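Colleague: predicted model follows, preceded by the sequence.
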Amino acid sequence: MCKDSNKKPYYITTAIAYASGKPHIGNTYEAVLADAIARFKREEGYDVFFQTGTDEHGQKIEEKAAAAGITPKEFVDQAAGQIKTIWDLMNTSYDKFIRTTDPEHEEQVQKIFKKLYDQGDIYKGYYEGLYCTPCESFFTESQLVDGKCPDCGREVKPAKEEAYFFRMSKYADRLIRHINENPDFIQPVSRKNEMMNNFLLPGLQDLCVSRTTFTWGIPVTFDPRHVTYVWLDALTNYITGIGYDCDGKNSDQFSKLWPADLHLIGKDIIRFHTIYWPIFLMALNVPLPKQVFGHPWLLQGDGKMSKSKGNVLYADTLVDFFGVDAVRYFVLHEMPFDNDGIISWELMVERMNSDLANILGNLVNRTISMSNKYFEGVVRDGGTTDAFDEDLKAVVLDEVKKVSEKMEKLRVADAITSIFNIFRRSNKYIDETAPWTLAKDEASKARLETVLYNLTEAITIGASLLASFMPQTSEKILAQLNTSKRELSQMNEFGLYPSGNKVTDKPEILFARMDIKEVMEKVEAMHTAAESGKEEKEAQADDGIDIEAKPEIEYEDFGKLQFQVGEIIACEAVAKSKKLLCSQVKIGSQVKQIVSGIKAHYSPEEMVGKKVMVVVNLKPAKLAGVLSEGMLLCAEDAQGNLSLMVPEKTMPSGAEIC
């Protein structure tokens, strides 16, 4: 529930994470970014409600569960628990973690589907197109990039099935007007231009909102062969999670919080949140969210993280090396406003040493140590002043204003830079005032007191601002200074640290410097151990797979088939097909032309030179207009991956397989 009725509400959401596996650091970045914004809004006096959660239905999850030998619900329970554990590890202060398998969400999705159908926005038809299973999206030929999914780059497959569709074009003009009349609705502006020019202005196609080829989804109440397709299920979490009721019996919480102040999402799903979602809301006669921000990606140096590339970094692994707040600092500080950010072990170590250990950690440690050395830890305002003092105060108060200005525009990385400018200026102030020199002259005692007081005050303000971004570090610094967090409303004045207060006599090292060589040696050892464990696990876990048995045949039936070893001497893609390869196969003294549906698994170049097992006496047939005179034998695993069957030992082409 909302916590304080006297405060202005602020409702922020992340996209809900797809519960198909462990989230990598790029996924985790979004939760940390939302947390930083939510925490800062609380500092500004808002009654914040921060919602995150998991998207738990769909074909991909059904397939993964089957491969794991468990039910889809068991699979998503494990995955959601893992995602929530990482969000908690990263100290994200969410108020609600919604799951799309929550009964109250499923009930509302069914009501929403029926309402949209009854009012004519949803109709039954047939879908025929190109389908990407990982993204659970249909695409037209023109939308593909190099013949592959434009979102994830994977193979797509032709699909045709009965489905329900939403009439998108009915609301397109209304959405275009809304975007034009509300320039801050889609941020950054580059995302808005992309949506308008690539999708809205050329004209919207009707959207598929149900599926029949899998069962793990929310059933359509009046046609249970269909399950609700991902976006009508997933997107509605933003309203069902706060008490929306399709029958008009909305909760007080929904009435207070909606429309959402900010949907924070990755740029790859901006289309769904700025076109599909607003149109769904228009059809339901529900106000649109105030703003959708499509943040950029956090990339490895060699591109977008993916398990297939083997370049995935996970938050818990990075935390083991650097600590929670160091990882939070890195992902927030290194991500530009509208361009992709880069993460690597080398960059992490560099930031740890330069920013966290040197600029921040060393400043806090030196200041406290000097207060203990010269004044037994007592910090007093000596009442003196000079130009260095005035410049320090001016910079600190100016950076406070900049932090608020940057956060208002969601420029989180720039806000953190402003906070660290306070620490940088404080380090410079130490060099300018040279406390160690002042300590040698008793007549300069008051001046030395003032210098250390100003440093302590500047650090107090900086550490208080840091609480939204590095909450544990902020607490540690303020505890060592023996003071409480300064309220944002009090940061327009310099000099509120209580004169005569005593700092800790045992300052803690906040961040230790790291040796890049040692770190990379540990990383390499970790990768080696993980790869070894993976191979061992795969070897132990090979329990085989079961397939549906065919009717028994007589030995004479089997004897009619002729199997021989063939050598592929040439191979090329079939021009009119996305999955066929045409191979020239030498079998003894003959060469047969064989067409096989293995293009997704082998390139033509890989095929040439292979010794393969062939059914040679099949009646010739044409595939995609190309004559095929046999069949190459393959094995197929539970995920649909194919592997050519090849002789274990060297065999001549034409050798009989018996």
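Modeller: In hand now; what should we look at?
Colleague: help me confirm that Leu581 comes into contact with His601.
Modeller: No - at 9.5 Å, Leu581 does not count as touching His601 under the criterion of Cβ atoms under 8 Å. (Glycine included, C-beta is placed from N, CA and C.)
Colleague: what about stretch 133-140, start to end distance?
Modeller: Distance across stretch 133-140, first residue to last, is 15 Å (Cα to Cα, to the nearest Å).
Colleague: mean confidence for that stretch?
Modeller: If you average the pLDDT over stretch 133-140, you get 77.
Colleague: quick one: buried residues of it?
Modeller: For stretch 133-140, a neighbour-count test (16 or more other Cβ atoms under 10 Å) marks 133-139 as buried.
Colleague: closest one of those residues to Ser532?
Modeller: Pro134 (27.7 Å; Cβ to Cβ).
Colleague: who touches that closest one in this structure?
Modeller: Contacts here follow Cβ atoms under 8 Å, 6 or more residues apart in numbering; on that basis Pro134 touches 60, 149, 152, 154.
Colleague: between which two of those residues is the distance greatest?
Modeller: Most distant of the contacts of Pro134, by Cβ to Cβ, are Lys60 and Cys149, 12.8 Å apart.
Colleague: re the thing from before, of all the contacts of Pro134, which comes closest to Trp297?
Modeller: Cys152 (12.3 Å).
Colleague: which strand or helix spans the closest one?
Modeller: When elements are assigned from DSSP states H and E, Cys152 belongs to no helix and no strand.
Colleague: quick check: Glu466 vs Glu475, distance?
Modeller: One correction, residue 466 is Leu, not Glu. 10 Å (Cβ to Cβ, to the nearest Å).
Colleague: with neighbour numbers in mind, choose between the two.
Modeller: With neighbours defined as other Cβ atoms under 10 Å, Leu466 and Glu475 compare such that Leu466 has more, 26 against 15.
Colleague: for that one, which non-adjacent residue is spatially closest?
Modeller: Ser474 (4.5 Å; Cβ to Cβ, 6 or more residues apart in numbering).
Colleague: one more: Met470?
Modeller: Met470's closest residue in space is Asp325 (Cβ to Cβ, 6+ apart), at 4.1 Å.
Colleague: pull the residues that contact the strand or helix carrying the one you found.
Modeller: Per DSSP H and E, Asp325 falls inside helix 324-333. For helix 324-333, contacts defined as Cβ under 8 Å, 6+ apart pick out 25, 28-29, 32-33, 36, 89-91, 298, 315, 318-319, 322, 341, 343, 347-348, 351-352, 355-356, 412-413, 416-417, 469-473, 511.
Colleague: ok, Ser628 touching Gln593?
Modeller: Yes - with contact defined as Cβ under 8 Å, Ser628 and Gln593 form a contacting pair (6.6 Å).
Colleague: anything in contact with each of those two?
Modeller: Joint contacts of Ser628 and Gln593 (Cβ under 8 Å, 6+ apart) are Cys582.
Colleague: the two: which is more packed in?
Modeller: Ser628 (21 against 15).
Colleague: residues near the nearest residue to Lys160 once chain neighbours are set aside, how many?
Modeller: Spatially, and ignoring its direct neighbours in sequence, Lys160 is nearest to Glu128 (4.1 Å; Cβ to Cβ, 6+ apart). By other Cβ under 10 Å, 12 other residues sit near Glu128.
Colleague: so where is this structure shaky, pLDDT-wise?
Modeller: Residues of the chain meeting the criterion pLDDT under 70: 1-5, 301-311, 533-550, 638-639.
Colleague: residues contacting Thr384?
Modeller: Contacts of Thr384 by Cβ under 8 Å, 6+ apart are 446-447, 450.
Colleague: which ones among the residues you listed map onto helices?
Modeller: Per DSSP state H, helices hold the following members of the contacts of Thr384: 446-447, 450.
Colleague: using PyMOL, define a selection of the buried residues within the residues you listed.
Modeller: Selection of buried members from those for PyMOL, criterion 16+ other Cβ under 10 Å:
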select buried, resi 447+450
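Colleague: Throw the ones in helices among the contacts of Thr384 into CSV and include distance to Lys428, thanks.
Modeller: Below are the ones in helices among the contacts of Thr384 laid out as CSV (distance: Cβ to Cβ, whole Å):
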residue, distance to Lys428
Ala446, 22
Arg447, 17
Thr450, 16
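Colleague: out of the ones in helices among the contacts of Thr384, which is nearest to Asp223?
Modeller: The closest of the ones in helices among the contacts of Thr384, once distances to Asp223 are taken by Cβ to Cβ, is Thr450, at 77.6 Å.
Colleague: hang on, the closest one packs against Asp381?
Modeller: Yes - using Cβ under 8 Å, Thr450 is in contact with Asp381, at 6.2 Å.
Colleague: between the buried residues of stretch 133-140, which is closest to Lys267?
Modeller: Among those, Cys135 lies closest to Lys267 (Cβ to Cβ), at 14.4 Å.
Colleague: list the residues that contact the closest residue to Ile594 other than its chain neighbours.
Modeller: Excluding the flanking residues, the one nearest Ile594 by Cβ to Cβ, 6+ apart is Gly630, at 4.6 Å. When contacts are counted by Cβ under 8 Å, 6+ apart, Gly630 is found next to 566, 585, 592, 594, 614-618.
Colleague: buried subset of those, written for ChimeraX?
Modeller: To isolate the buried ones among the contacts of Gly630 in ChimeraX, judged by 16+ other Cβ under 10 Å, type:
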select :566,585,592,594,614,615,616
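Colleague: could the contacts of Gly630 go into JSON lines alongside distance to Lys393?
Modeller: Shown next, in JSON lines, are these (distance: Cβ to Cβ, whole Å):
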{"residue": "Gly566", "distance to Lys393": "84"}
{"residue": "Val585", "distance to Lys393": "83"}
{"residue": "Lys592", "distance to Lys393": "87"}
{"residue": "Ile594", "distance to Lys393": "81"}
{"residue": "Val614", "distance to Lys393": "84"}
{"residue": "Val615", "distance to Lys393": "86"}
{"residue": "Val616", "distance to Lys393": "89"}
{"residue": "Asn617", "distance to Lys393": "92"}
{"residue": "Leu618", "distance to Lys393": "87"}
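Colleague: in strands, which of the contacts of Gly630 fall?
Modeller: Under the assignment DSSP state E, the contacts of Gly630 contribute 566, 585, 592, 594, 614-615 to strands.
Colleague: and which of the residues you listed is nearest to Met195?
Modeller: Ile594 (46.5 Å).
Colleague: isn't that closest one right next to Leu633, touching?
Modeller: No - with contact defined as Cβ under 8 Å, Ile594 does not reach Leu633; the gap is 10.8 Å.
Colleague: shared neighbours, the two?
Modeller: What both Ile594 and Leu633 touch, as defined by Cβ under 8 Å, 6+ apart, is the set Val614.
Colleague: who does the closest residue to Glu629 other than its chain neighbours bridge with?
Modeller: Take Glu629 and drop its neighbours on the chain: the residue closest to it by Cβ to Cβ, 6+ apart is Lys592, 4.3 Å away. Beta-bridge pairing for Lys592 (DSSP bridges): Val585.
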